[in-house]
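1. pasting a predicted model and its sequence here:
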Amino acid sequence: MRIFFSLIFLVFPVLLFSQKNKQVNSAKEMDYNSKYNSSDSIKKKKAPEATYDMYQFITLDRDTTYIDTTQSIRKSYSHNYLRRDNFGLLAFPNDGQTYNTLQYGLNGFSPYPEFGFTAKQFNYMRAGDIKYANVATPVTELYFKTTIQQGQSADSYFAINTSPRLNFSIAFRALRSEGRYINQQARSGNFRFTTSYNTKDGRYIANLHYTSQRFENEENGGISNVSDFTSGDPAFDNRQRLGVYFEDATSELKGKRFFIDQTFRINPKKGANNLYVTEQFNYEKFGYGYTQGTIASSVGGTAVFRFGESFVASGIDDKTNYNKMYNKVGVVYENMTLGSFTFFADDLHTNYFYNNILYLDNDVTVGNLLSQRINTIGGQYNYRKDKWNGKVLYSKSLTDDNLFNLDASAVYDWNDENQLSFRYQSMNKLPNNNYNLFQSSYKDYNWSNTFVNEKINSISANADTKWVSLSMQLNSINDHLYFADITNASQRQDSMQIVAPKQYGKAINYASLKVSREFVVGKWALDNTLLFQKVDQSDAILNVPEFVTRNTLYYTNTLFNNKLFFQTGVEFNYFTSYYTNNYNPVIGEFFVQDRVKIGNSPLIDYFVNFKIQRTRIYFKAEHINSLFSKNDYFSDANNPYRDFLIRFGLVWNFFN
C-alpha cells in the first residue's frame, strides 16, 4: 500500500469532468451528495472564494462543463483506463489493450479519410476531445488505479490562469500493466498542453493545444489452444502456462498534433449584428509499427506461421507513416435574433507512406505513397433562442473526391430535468488510408486498392427526462468497408489467419434502442442500462449482440458525522452471444469472421466507493463469478476476458 501512495505523488494523472447533463436521476444524486457532503462546494463560508461555476472547461464546439467533486454511481463507471463510461465496449485481458465494440452506435462518422489502425485508437485523444480551461484559481486533479499484475495507471491535470483572459493547462496520462498472459505488457502515455486567450473586450479568442501520444503493446496473438482455457484444468489457472502465438511481437501507435482555433470580430464593439473571421489549423502526424522477431510459432510441437509466408526469415519490422495538414477559414455573420450564418472553405493535405515500392508476383505493384489533397466549401447555420438550440451544416468537396456531409440537429430544453434532441446525418465518406494501401513483411498482407466512398445515412433521437433516458438510432450504410477473414481451408488447418480489406456492395440497415432508468428506494438504488440492436443485411458483415445490459444494485450512506460518504453494491454486465470481430495486430484492426461466437456469460463485479472531502476512493472486485463459473468468457475468439481481480483507485482534487 505504501508503494501505491508513493506512486500517486510521483506520476501524472486527468480531470474528471461532470457535464451539466440531463441524465436520468442525476439531480437526485447531486441532491443526496450535497445533503450529506457540505464539503463538495468550493465556496467557503465567510470568505469570498470561487464557486464551482468559475471552473469552466470548454470544448472545441463551445460546450462548457464545470468541475464536480461529488460522488455518484456514474462517476464510478468512468473510473477506468479510458476515463469515460465504457458501456458498449468489451475490454481485452489487460489494461491498455484494445476493446471489442458491442454497440455499433458508438462509432462516429466523419467524411474525411483517416489514418486507420482504429483498434489502437480507443485512448487516442482527438482535437474534439481536448478541453480548454477557464479557471478562477489553480486547480489540480490526480487519478490513480492499480492495473493487472505489476504496473499502475495514473493521470494528472493542472490548470492555472495568469489573468482572467489567459489560461494554461498541462496533463499527462500514463499506464504500465504487465497482464497475466505471456507477452502481454502494455505501456502508454498521453501528454496534453493547452492555452486559452481572449482580449478584454472579447474581440479576439484563441484556443491552442499540443499533444504527444504513444501506445505500445506486446502482442501475443491470443492463446493458441483455446481448449486449454475452456477445459478448466487447474494446471492452467496460472495463465502463464497457456501457450500463445507470439512471445516477441510488439505494436506501437504514436501521434503528435499542433492545433489552433481562433476567432476575430471585425466590428469593434459587439452589437445586435456582428461579423467574425475564423481560422482553424491542425497539423498531425501518426506512425504505426509492428515488430516480430521470430516468424514461426510452436503450437503443440508444430511450427505455425500464423500470418502466412514472409519476405524475411526473422525480424519483421513493419512501419506505416502518415501526416496531415488541415486549414479552415470562415466568415460568420451573427444576428442576435436570427442566429449565426457561417461560410467556410477548408484544405486538407495528407501523406500516407512507406519507404519502398513493392513489386510482387503476377505483375502486382504495391506503391509506397498515398497523397490526397481535398478542398471543401460549406455553410453552417446555428440558432439558439429560448428553449431551442439547432444547427445545420452542409459541406461538399471541390475536388474529384465526391465528398459531402449534411448534418442537422435540434435540441429542445423542456426544463432543467427534461431534454429532447434529434439529429440527421448524410454523407459520402472517403475510405481510411489503410484500406487502400498497406505494406507488410507478410506476403499476404500487401494491397493497393481504389475503393469507392461509403454512403451513410443516420437518424438519432434522444429523450433525457427525470423518469427515463431513451436513445434511438437508425443507420443505413451502402458500400460498407471492413476487414474480412479470407483464410482458406488449407490455411485454416495450419492455424493461419489471413485478413484483407473488403467492400460490401449491398445495403446494411442498423437499428438500436438504448434505455436507462434508475430506481431509488430510500438508501438503495438500482441503476439500469439496456441496449437492443438489430441489423438487417443479406450477409453477416456488421455483427453485434442483439441485447446488452448493465444493472447496478447499490446502497448509499454516510458515516462519522457525515464526513465519510460511501456506496457499495454489485454491478452486472451481460450480452447475448454473437459472431465476434477478431483483433489482428499486424494491421491494428478488427476483422469480421463467422466461425466463433462469444457472449451469453455474465460479468459480475462487487465495489465499494468512498468520498472524503474532495477525494474519491474506489475498491472493486472484478468478475467475481469467474471464481466458480465455467471458463467460457472471451473478448474475441482467441483472447479470454479478464479473470477475478481486486483493484484500488482514487481521484483527488486540489484548489488554491
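-> Happy to help now that I have it.
2. so how far is Ile266 from Leu275?
-> 4 Å (CB to CB, to the nearest Å). To be clear about C-beta, it is placed using only N, CA and C from the backbone, and glycine gets the same treatment.
3. count of neighbours near the closest residue to Leu564 other than its chain neighbours?
-> Sequence neighbours aside, Ile612 is the residue nearest to Leu564 in space, at 5.8 Å (criterion: CB to CB, 6 or more residues apart in numbering). Ile612 has 17 neighbouring residues, counting by other CB atoms under 10 Å.
4. next: the one 5 residues further on.
-> If you count neighbours by other CB under 10 Å, Ile617 ends up with 18.
5. still on that earlier bit, report the contact partners of the residue nearest to Leu564.
-> Lys563, Leu564, Phe565 (CB atoms under 8 Å, 6 or more residues apart in numbering).
6. what's across from it in the sheet?
-> Here Ile612 sits in beta bridges with Leu564, Thr615, as judged by DSSP bridges.
7. which residue is nearest the middle of this structure?
-> Phe122 (4.1 Å; CA atoms, centre = their mean).
8. ok, it - contacts?
-> Leu82, Leu89, Thr98, Tyr99.
9. quickly list what the second one is bridged to.
-> In this entry, Leu89 is beta-bridged to Thr101, by DSSP bridges.
10. near it, how many other residues are there?
-> Neighbour tally, Leu89, other CB under 10 Å: 17.
11. that one and Thr101 touch, don't they?
-> Yes: with contact defined as CB atoms under 8 Å, Leu89 reaches Thr101; the gap is 6.3 Å.
12. count of neighbours near Leu370?
-> By other CB under 10 Å, neighbour count at Leu370 equals 18.
13. and for the nearest residue to Tyr333 once chain neighbours are set aside, the neighbour number?
-> Excluding the flanking residues, the one nearest Tyr333 by CB to CB, 6+ apart is Phe341, at 4.8 Å. Phe341: 14 surrounding residues under other CB under 10 Å.
14. next: Ala91.
-> With neighbours defined by other CB under 10 Å, the count for Ala91 comes to 20.
15. pretty sure it sits against Asn639.
-> No: using CB under 8 Å, Ala91 makes no contact with Asn639, being 10.1 Å away.
16. and the residue nearest to Tyr333, helix, strand or coil?
-> strand (DSSP: H, G, I helix; E, B strand; the rest coil).
17. could you number the chain from 6 rather than 1 from now on?
-> I'll keep to 6 as the first residue from here, and by that count the last item is Phe346.
18. quick revisit: list buried members of the contacts of Ile617 by neighbour count.
-> Leu569, Phe570 (16 or more other CB atoms under 10 Å).
19. against Thr585, how distant is the residue nearest to the centre of the chain?
-> Distance from Phe127 to Thr585, by CB to CB: 16 Å.
20. swap in Ala179?
-> 30 Å.
21. which of those two has more residues huddled nearby?
-> Thr585 (24 against 18).
22. can you give me the helices for the stretch 206-355 of the chain?
-> 231-235 (DSSP state H, counting those that start in this stretch).
23. whoops, I mixed them up, the chain
-> With DSSP state H as the criterion, the chain has helices at 7-15, 31-41, 78-82, 231-235, 438-441, 494-498.
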